[in-house]
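Trainee: show me how the following folds:
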Amino acid sequence: MATISWLTLKEGVDDGVVLAVDYPFTGRPEAGFSELAGQLDLPYALLETVPPGNGTEAGMTAGDYLEWWLTDVRAAGRPVRAVLGFCAGSVYAAALADRIAAEQKVAPKVVLFDPESPNAITVYWQFHKVIDGLGVVLRPEEVTAAQQAGQRISEEVTDLTLLGERLLDVYREAAETAFDRAGLDAVRREEFTATVTAFMSYLVAAAGIDARDGWRTATAISSGTATNGLNLVAAEERPGMVAEEIRFDLEHADLLRTAEVAKAVTALIG
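Mentor: Take a look at the predicted model:
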């Protein structure tokens, strides 16, 4: 399945495919589907979402992202056996699965890893981690100042699109200091900033999807990290959010690189 919107992580011996929704980028601490792929004992190919080219995502809605990915899936005509989603990708995964189910005979299974529906807290937390990554160059007090500025904005701004724009302004200011100190050239500066901008657009657009119905028929694989996935939801609100929850005593960052998780996914998809 040669496409521009999907990357093949694992070839299959069966005609079916498994789709994985994530936004991987160089340097992030969380394991990605590329690390899970080699541990899955499945006959299907595993494909991962490719985001639109940097600079083209500005103003994209959730529907635009879904069409970007679905166009190649439809053109290939291969049966989708399962759709996987990591973190905020779980919102897109459920929506993709719902649309695919309407277009093929058997609905794909849906497996979500620490699923989160983006909101102001999610968007700020991702910004917080990006700024934390600049700490290899910035002084601790500079990292703290940028994160606190972002937190104040997240408490004042309720519109997620505006929140994303305001947080990006803080990021750019902090990043310029870091880039100057690291001696990065203009090309590398643009690459870093474009990646962060694209990721923020991906998060904000995901908030336009109501994933509740799609999640109710999905299996969630949860880590033990309190700040991720269903662990953010009050215990009394969690029943019924997903069809099944499988919990692992693992850090969020390790979910997609752990053999026990791969075995569970293999069993679920079969």
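Trainee: low-confidence ranges, the chain, go.
Mentor: Residue ranges of the chain with pLDDT under 70: 1-2, 54-55.
Trainee: partners of the longest strand seen in it, with directions?
Mentor: Identified as the longest strand of the chain according to DSSP state E is strand 80-86. Paired with strand 80-86 in the same sheet, following DSSP bridges, are strand 17-21 (parallel), strand 109-113 (parallel).
Trainee: make a markdown table out of these and add mean neighbour count and distance to residue 266.
Mentor: For every residue, glycine as well, the C-beta is placed using N, CA and C. Compiled in a markdown table, those are given as follows (neighbours: other C-beta atoms under 10 Å; distance: least, C-beta to C-beta, whole Å):
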| stretch | mean neighbour count | distance to residue 266 |
| --- | --- | --- |
| strand 17-21 | 27 | 11 |
| strand 109-113 | 26 | 11 |
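Trainee: what's the closest of those strands to residue 183?
Mentor: Closest to residue 183 of the strands paired with strand 80-86 is strand 17-21 (C-beta to C-beta; 36.0 Å).
Trainee: distance from the closest one to the middle of the chain?
Mentor: Remark: strand 17-21 is offset 13 Å from the chain centroid, using C-alpha atoms, centre = their mean, to the nearest Å.
Trainee: and the contacts of that strand?
Mentor: Strand 17-21 is contacted by residues 1, 6, 9, 33, 36, 42, 44-49, 69, 73, 76, 78-86, 89-90, 92-93, 96, 108, 269 when judged by C-beta atoms under 8 Å, 6 or more residues apart in numbering.
Trainee: mind doing that once more with 7 Å?
Mentor: With contact meaning C-beta atoms under 7 Å, 6 or more residues apart in numbering, strand 17-21 is reached by 1, 33, 42, 44-49, 78, 80-85, 89, 92-93, 96, 269.
Trainee: with stretch 205-222 instead?
Mentor: By C-beta under 7 Å, 6+ apart, the surrounding residues in contact with stretch 205-222 are 60-62, 65, 88, 90-92, 94-95, 97-98, 110-115, 117-119, 160, 229-231, 240-248, 255, 261, 264, 268.
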